[in-house]
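> Provide a 3D model corresponding to the input given below.
(2 chains)
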Protein chains: 2
Amino acid sequence: MSEDTTAIGVDWGTSSFRVYRFGVDGEILEGRKAQAGILVIDDGEFEEAFEELAGDWLDAAPDVPVVLAGMIGSRQGWLETPYLSCPASVDTIADALVPLALKRGRVVHLTPGLSVHGDDGVPDVMRGEEVQILGAIDLLGTTGATLCLPGTHSKWATVEARQVTRFATHMTGEVFDVLRRHSILGRGIEHAAWDDSAFLAGVARSGASGGFLHHLFGVRAAGLFNDLSPDSAGAFLSGLVIGHEIRAAEPSDAVYLIGEDELVELYRRALEALGHSAMAVAQGAAACGLFLIADSLRRGKSR
Amino acid sequence: MSEDTTAIGVDWGTSSFRVYRFGVDGEILEGRKAQAGILVIDDGEFEEAFEELAGDWLDAAPDVPVVLAGMIGSRQGWLETPYLSCPASVDTIADALVPLALKRGRVVHLTPGLSVHGDDGVPDVMRGEEVQILGAIDLLGTTGATLCLPGTHSKWATVEARQVTRFATHMTGEVFDVLRRHSILGRGIEHAAWDDSAFLAGVARSGASGGFLHHLFGVRAAGLFNDLSPDSAGAFLSGLVIGHEIRAAEPSDAVYLIGEDELVELYRRALEALGHSAMAVAQGAAACGLFLIADSLRRGKSR
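Next up is the predicted model:
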């Protein structure tokens, strides 16, 4: 097996843990996953979990680069890596990799996160998404794009000349979740229900006057008037919050979406309802980004 | 005592219960309060609680109007009253009072709530604040104003020719509370601390590009960069949320504030930081509004 392996990539997030073994052209020779996101690793036993999932690969391919990305490089992870300022590319990320020696002596590399500062000096950060973003750009065969990674903390990134030049995080998924679980709006929501047209009505409502905090109360008031049933209110709220995110992100061109199918489809529909074109990026962006960084690392070493 | 009493007013909200006995010119002859907001009344025993607090007044002044306002007229209260559409005045509210016969035979009157519909048909409602608003207009000796009642669900109202012509509710206080208690932002907040300059920095930040959901994540990111300490983060978040409310409300002139001293002072400072003039309305707006409605009811009966 080992003769084919050119790199090993690790995508280790808060709730997921995936490893990839790459061939000469970056093709995935083998992938594995474990239910061992960093939040469920006890007593900092990251090395044990990694050896368990990929130790045989390390044995069989002793000289290939091993790159780890994601929340594994956060304060809650294995080793906290710094944030690299935008603009950032595959090569600048590879140059900023943080080496980590395993007990067996093998040195692996953790990616830095990315940071950017707004005009008023307020920072923004990402950790892991940049690998997906740069991988997606390669998969798309382009050099620039607007990308959105919807989720708990949605990321919007602009890539120009294969560099992440700027990005912004929106707390969309988390705000939706705390509102429906912990605010008065939850009383009017049947959580198991969904209503597509209510979702689109929420997206449309996000453009009305009055602002986000006022629109939220409208969900409650519409319920009092029976204009919005509990079966529709959750989808309406979802559309409202996602609509506010998209309007604030002000995408000027086509948006490429990266994420879970269901959420990507929801954003695609919201984006199209707001007059934007939207396309899902095929699966595999994270693996592709990991290979590119590992490949840059190897080329850098031989430079 | 009874010879002086011209009306009895009841301000019965979610967490407060106050009664007033008025003289011939609306002056408060006596006021009482109980720790018996509607949420702590067991088994719907509203009448018992009311008799306990004001039964002797009912005995002593058998013919004066008795007006009850606030959440006591909500679905969770004594008797649900309808919503009266804006524009609404003291007289139209008095005409829409809902009579309720006590066991002793005395008829008291509950105020309706107010409703308004946005251009896109989404409703908004208030219940109790309209009494404070119309009372405040009378206390101010004016016929029109922009008023803000900050709180869990902040109300912004426009009064013209002594009529509430439109209003909007913002879920400001509740959103602030669920975010600091239940979102990741809470991890970076020392709840007992306060920082005035961080509050004003949050107000200023609310005008930056990127929108509310992005600005929220900035609180987290600034904490990661140690740009915002836990002792400052709560005040910054408060200023951010209040700043978004004020900007969305787009007040065009001076704003009169009604509410608890501490919150009114916070809003006054935020409004002034955003270039608006702001003044607190003296205490007593609710009592004044109750008298005006009771007085209108009496005059209406004699018409």
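> Now for the spatially most central residue of chain A: which residues touch it?
Of all residues in chain A, the one closest to the mean position by CA atoms, centre = their mean is A:E129, 4.0 Å from it. Contacts of A:E129 were listed using CB atoms under 8 Å, 6 or more residues apart in numbering or on different chains, and they are A:149, A:155, A:157. From N, CA and C alone the C-beta is placed, and that goes for glycine too.
> A helix includes A:Y267, no?
Yes - A:Y267: assigned to a helix according to DSSP: H, G, I helix; E, B strand; the rest coil.
> Mind pulling the model confidence for it?
In this model, A:Y267 is scored at 98, pLDDT.
> Next: A:D295.
Reported pLDDT for A:D295: 97.
> That one contacts A:G9, correct?
No - using CB atoms under 8 Å, A:D295 is not in contact with A:G9, being 10.2 Å away.
> These two: which is more packed in?
Per other CB atoms under 10 Å in any protein chain shown, whichever of A:D295 and A:G9 has more neighbours is A:G9, with 29 against 20.
> ok, and the closest non-adjacent residue to the more buried one?
Nearest non-adjacent residue to A:G9, counting by CB to CB, 6 or more residues apart in numbering or on different chains: A:L290, 2.9 Å away.
> before we move on, what SS does the one you found have?
Classification of A:L290 using three-state DSSP returns helix.
> what sits against it?
By CB under 8 Å, 6+ apart, the contact set of A:L290 is A:7, A:9-11, A:20, A:22, A:67, A:69, A:131, A:135.
> In CSV: the contacts of A:E129, plus neighbour count.
Formatted as CSV, the contacts of A:E129 follow (neighbours: other CB atoms under 10 Å in any protein chain shown):
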residue, neighbour count
A:L149, 26
A:K155, 25
A:A157, 28
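> Out of those residues, which comes closest to chain B?
Distance to chain B across the contacts of A:E129 (CB to the nearest CB) is lowest for A:K155, with 9.6 Å.
> ok, which stretches of the stretch 151-300 of chain A are helices?
Per DSSP state H, counting those that start in this stretch, the stretch 151-300 of chain A carries helices over the ranges A:172-182, A:196-205, A:212-224, A:230-249, A:261-273, A:285-302.
> Which of these has the lowest mean pLDDT?
helix A:285-302 (a mean of 92).
> so how far is it from its chain's centroid?
Its chain's C-alpha centre and that of helix A:285-302 lie 19 Å apart, by CA atoms, centre = their mean, to the nearest Å.
> mind saving the C-alpha coords of that helix as PDB?
In PDB, the C-alpha atoms belonging to helix A:285-302 read as follows (Å, rounded to 0.1, in the frame of the first residue of the first chain):
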ATOM      1  CA  ALA A 285     -13.200  20.200  -0.800                       C
ATOM      2  CA  ALA A 286     -11.500  19.600   2.500                       C
ATOM      3  CA  ALA A 287      -9.600  16.600   1.300                       C
ATOM      4  CA  CYS A 288      -8.500  18.500  -1.800                       C
ATOM      5  CA  GLY A 289      -7.300  21.400   0.300                       C
ATOM      6  CA  LEU A 290      -5.400  19.100   2.700                       C
ATOM      7  CA  PHE A 291      -3.500  17.500  -0.300                       C
ATOM      8  CA  LEU A 292      -2.700  20.900  -1.800                       C
ATOM      9  CA  ILE A 293      -1.200  22.100   1.500                       C
ATOM     10  CA  ALA A 294       0.700  18.800   2.000                       C
ATOM     11  CA  ASP A 295       2.000  19.000  -1.500                       C
ATOM     12  CA  SER A 296       3.100  22.600  -1.000                       C
ATOM     13  CA  LEU A 297       4.900  21.600   2.200                       C
ATOM     14  CA  ARG A 298       6.800  18.900   0.300                       C
ATOM     15  CA  ARG A 299       7.700  21.200  -2.600                       C
ATOM     16  CA  GLY A 300       8.700  23.900   0.000                       C
ATOM     17  CA  LYS A 301      11.100  21.500   1.700                       C
ATOM     18  CA  SER A 302      12.700  20.700  -1.600                       C
END
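> circling back to that earlier point, let's have the helices of the stretch 151-300 of chain A in JSON lines, adding distance to B:A145.
Output for the helices of the stretch 151-300 of chain A, formatted as JSON lines (distance: least, CB to CB, whole Å):
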{"stretch": "helix A:172-182", "distance to B:A145": "32"}
{"stretch": "helix A:196-205", "distance to B:A145": "29"}
{"stretch": "helix A:212-224", "distance to B:A145": "20"}
{"stretch": "helix A:230-249", "distance to B:A145": "30"}
{"stretch": "helix A:261-273", "distance to B:A145": "39"}
{"stretch": "helix A:285-302", "distance to B:A145": "55"}
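> Just the strands from the stretch 1-150 of chain A, written as ranges.
A:7-12, A:17-22, A:28-34, A:66-69, A:83-85, A:98-101, A:107-110, A:113-117, A:123-126, A:145-149 (DSSP state E, counting those that start in this stretch).
> Now render these as TSV, adding mean pLDDT.
Formatted as TSV, the strands of the stretch 1-150 of chain A follow (pLDDT from 0 to 100):
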stretch	mean pLDDT
strand A:7-12	98
strand A:17-22	97
strand A:28-34	96
strand A:66-69	98
strand A:83-85	97
strand A:98-101	98
strand A:107-110	98
strand A:113-117	97
strand A:123-126	97
strand A:145-149	98
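> quick one, what contacts the residue of chain A positioned farthest from its centre?
Most distant residue from the mean C-alpha position of chain A: A:F225, 38.7 Å away (CA atoms, centre = their mean). For A:F225, the contact set (CB under 8 Å, 6+ apart) comprises B:115, B:123.
> do that again at 10 Å, thanks
B:83, B:115, B:117, B:121-125 (CB atoms under 10 Å, 6 or more residues apart in numbering or on different chains).
> just the buried members of the residues you listed?
By neighbour count, with 16 or more other CB atoms under 10 Å in any protein chain shown, these hold B:83, B:115, B:122-125 as buried.
> ok, and which of those residues reach chain A?
Checking these against chain A by CB under 10 Å from any CB of the partner chain, the ones in range are B:83, B:115, B:122-125.
> among those, which two are most distant?
B:Y83 and B:V122 (14.0 Å; CB to CB).
> tell me, what's touching these two both at once?
Contact criterion CB under 10 Å, 6+ apart; residues shared by B:Y83 and B:V122: A:221, A:225, B:116.
> Return the member of the residues you listed nearest to A:V164.
A:A221 (41.2 Å).
> Can you name the residues that contact the closest one?
Each residue near A:A221 by CB under 10 Å, 6+ apart is listed here: A:188, A:227-228, B:83, B:115-118, B:122-126, B:153, B:169.
> ditto for A:T6
Here A:T6 is in contact with A:21-27, A:29, A:61, A:63-65, A:291, A:294-295, A:298 (CB under 10 Å, 6+ apart).
> shouldn't A:D177 be in contact with B:L179?
No - at 11.4 Å, A:D177 does not count as touching B:L179 under the criterion of CB atoms under 10 Å.
> follow-up on the earlier one: could I get the contacts of A:E129 as TSV with distance to B:T165?
Converted to TSV, the contacts of A:E129 look like this (distance: CB to CB, whole Å):
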residue	distance to B:T165
A:L149	44
A:K155	43
A:A157	45
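> contacts with chain B among those, please.
Applying CB under 10 Å from any CB to the contacts of A:E129, those adjacent to chain B are A:K155.
> picking that back up, return the most buried member of the strands of the stretch 1-150 of chain A.
Ranked by mean neighbour count, these are led by strand A:66-69 with a mean of 27 (mean count of other CB atoms under 10 Å in any protein chain shown).
> In its sheet, which strands sit next to that one, and in what direction?
With DSSP bridges as the test, strand A:66-69 is paired with strand A:7-12 (parallel), strand A:107-110 (parallel).
> and the angle for the first one with helix A:285-302?
Following axes from the mean of the first three to the mean of the last three CA atoms, to 10 degrees, one obtains 130 degrees for the angle between strand A:7-12 and helix A:285-302.
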